[in-house]
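Visitor: how would this look folded up:
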Amino acid sequence: MTSVREVGGLGVYLARAVEEGTLDGPTIYGAGAILSTTGGHGDLHSLPLSWVAEFGQRDGDLRLCDGVDSCIQAVREQLRHNAKLIKVCASGGVLSELDDPIHQQFTLAELRAVVEVAAMADRVVAAHCHGKPGIMAALEAGVRTIEHGTYLDEEACAAMRETGAILVPTRTIMQELLDSPAVPAYAVRKLAVIGDRHARAVALAHQQGVTIAMGTDIALSGAELVDSWGRNGRELPLLVDAGLTPLEAIQAATFNGPLTLGRQAPRSGRLADGYDADLIIVDGDPLADITILADPARIVGVWKAGRQVKSPRPT
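Guide: Here you go, the predicted structure:
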């Protein structure tokens, strides 16, 4: 890949190393710490609350915030790290132990405060949302992207079209968790409820004309681990399984990707005058076989802003 939107973690620090030339890597658009309510999806429920709160205050990658003032402060902390977007957990999730994916977590007032302060710095907000209440509140607050969107229905799809919000389905994380024997029992119970529902929601969003951008929720290093780097391309065939054509899936991964970043978006994702020459070469026709893009070995050439960073194999 030539650029990546990293929605919570250490990307804000790694981005600086790439920009300085210390490390050769993709251009990183990091969110900094994930913002969560106390007891929300970004909380670590089995640990003492004081530990998790202190971790966030010490620039960890999870930041608890409750109430409008606390949310404003948390956004400004991420902006201080030069976060290119802000990530909030607007609903419960799968891998958080005690919450329910259906439940809304931040209030509308809190979400509006996050969006307002981010917008003052030309940043957009990405909202982790499974349940419809969180989806609708996030859209009313003005978020740019809905991450996951498991309980999208026709009303929510209409709201996304009206507001111009983008769905980032992250079919990869859902499928990786469903495939893994290492998922904890509480997450298995949640997956049993939402696994098929998520696939149907992505298909519905596509049918309803919602803009879809590729994203994976890939988070770990180590090929032996579930949801690890190197399997990002798996998202494209999963989008095709959800009803997108191969060309639409490729567009979700290229042209639509920068749309998720608002004014921070790179001049990338299309072959046109004035855009960065971010290019890849593959050893086959992905329109005939989309799984080619899921195999890193078949990405044989990469150019980042016109600079070749991976060469084709000699023939």
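
Visitor: residue 88 against residue 134, yeah?
Guide: No - between residue 88 and residue 134 there is no contact under C-beta atoms under 8 Å: 9.5 Å. For every residue, glycine as well, the C-beta is placed using N, CA and C.

Visitor: who has more neighbours, those two?
Guide: residue 88 (37 against 28; other C-beta atoms under 10 Å).

Visitor: for the more buried one, which residues are in contact?
Guide: 34-36, 106, 111, 114, 125-128, 138, 143 (C-beta atoms under 8 Å, 6 or more residues apart in numbering).

Visitor: what's the closest of the residues you listed to residue 189?
Guide: In terms of C-beta to C-beta, no member of the contacts of residue 88 lies closer to residue 189 than residue 128, at 19.2 Å.

Visitor: is the closest one in a bridge, and if so with what?
Guide: Counting by DSSP bridges, residue 128 is bridged to residue 89, residue 147.

Visitor: per-residue pLDDT of it, please?
Guide: Looking at residue 128, its pLDDT is 98.

Visitor: with the one 10 residues further on instead?
Guide: In the predicted model, residue 138 carries a pLDDT score of 98.

Visitor: next up, the contacts around it.
Guide: Residue 138 neighbours (C-beta under 8 Å, 6+ apart): 88, 90, 111, 125, 127, 129, 146.

Visitor: flag the shaky bits of the stretch 101-250 of the chain, pLDDT-wise.
Guide: Residue ranges of the stretch 101-250 of the chain with pLDDT under 70: 228.

Visitor: quick revisit: what do residue 88 and residue 134 both touch?
Guide: By C-beta under 8 Å, 6+ apart, residue 88 and residue 134 have these common neighbours: 106, 127.

Visitor: in this structure residue 237 contacts residue 290, no?
Guide: Yes - shown here, residue 237 and residue 290 form a contact pair, counting by C-beta under 8 Å, at 5.0 Å.

Visitor: which neighbours do those two have in common?
Guide: With C-beta under 8 Å, 6+ apart, residue 237 and residue 290 have common neighbours residue 249.

Visitor: hang on, the earlier thing: and the two most separated of the contacts of residue 138?
Guide: The most widely separated members of these, counting by C-beta to C-beta, are 111 and 146 (12.2 Å).

Visitor: which residues do those two both contact?
Guide: Taking C-beta under 8 Å, 6+ apart as the contact rule, residue 111 and residue 146 both touch 127, 138.

Visitor: and residue 281, helix, strand or coil?
Guide: Here residue 281 takes the strand state, with states given by DSSP: H, G, I helix; E, B strand; the rest coil.

Visitor: for it, give its distance to residue 249.
Guide: Residue 281 sits 18 Å away from residue 249, going by C-beta to C-beta, to the nearest Å.

Visitor: ok, the two, which is more surrounded?
Guide: It is residue 249, of residue 281 and residue 249, that has more neighbours when counted by other C-beta under 10 Å, with 25 against 13.

Visitor: wait, that one sits on residue 214?
Guide: Yes - Residue 249 is within contact range of residue 214, at 7.4 Å (criterion: C-beta under 8 Å).

Visitor: overlap in contacts, the two.
Guide: In contact with both residue 249 and residue 214: 236, 239, using C-beta under 8 Å, 6+ apart.

Visitor: can you give me the strands for the stretch 201-315 of the chain?
Guide: Taking DSSP state E, counting those that start in this stretch as the criterion, the stretch 201-315 of the chain contains strands spanning 279-282, 299-304, 307-310.

Visitor: can you count the residues close to the closest residue to residue 168 other than its chain neighbours?
Guide: The shortest distance from residue 168 to any non-neighbouring residue, by C-beta to C-beta, 6 or more residues apart in numbering, is to residue 215 (3.7 Å). The number of residues packed near residue 215 is 27, by other C-beta under 10 Å.

Visitor: separation between residue 215 and residue 87?
Guide: Taken as C-beta to C-beta, the span from residue 215 to residue 87 is 11 Å.

Visitor: identify the contacts common to the two.
Guide: Listed as contacting both residue 215 and residue 87 by C-beta under 8 Å, 6+ apart are residue 7.

Visitor: which helix runs longest in the protein?
Guide: Across the chain, the helix with the greatest residue count (assigned by DSSP state H) is helix 185-207.

Visitor: packing partners of that one?
Guide: helix 154-163, helix 171-179 (3 or more C-beta pairs under 8 Å, 6 or more residues apart in numbering; DSSP states H and E).

Visitor: so which of these is the most surrounded?
Guide: Per-stretch averages of neighbours, counted by mean count of other C-beta atoms under 10 Å, single out helix 171-179 among the helices and strands packed on helix 185-207, with a mean of 20.

Visitor: in JSON lines: the strands of the stretch 201-315 of the chain, plus mean pLDDT.
Guide: Formatted as JSON lines, these follow (pLDDT from 0 to 100):
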{"stretch": "strand 279-282", "mean pLDDT": "90"}
{"stretch": "strand 299-304", "mean pLDDT": "89"}
{"stretch": "strand 307-310", "mean pLDDT": "86"}
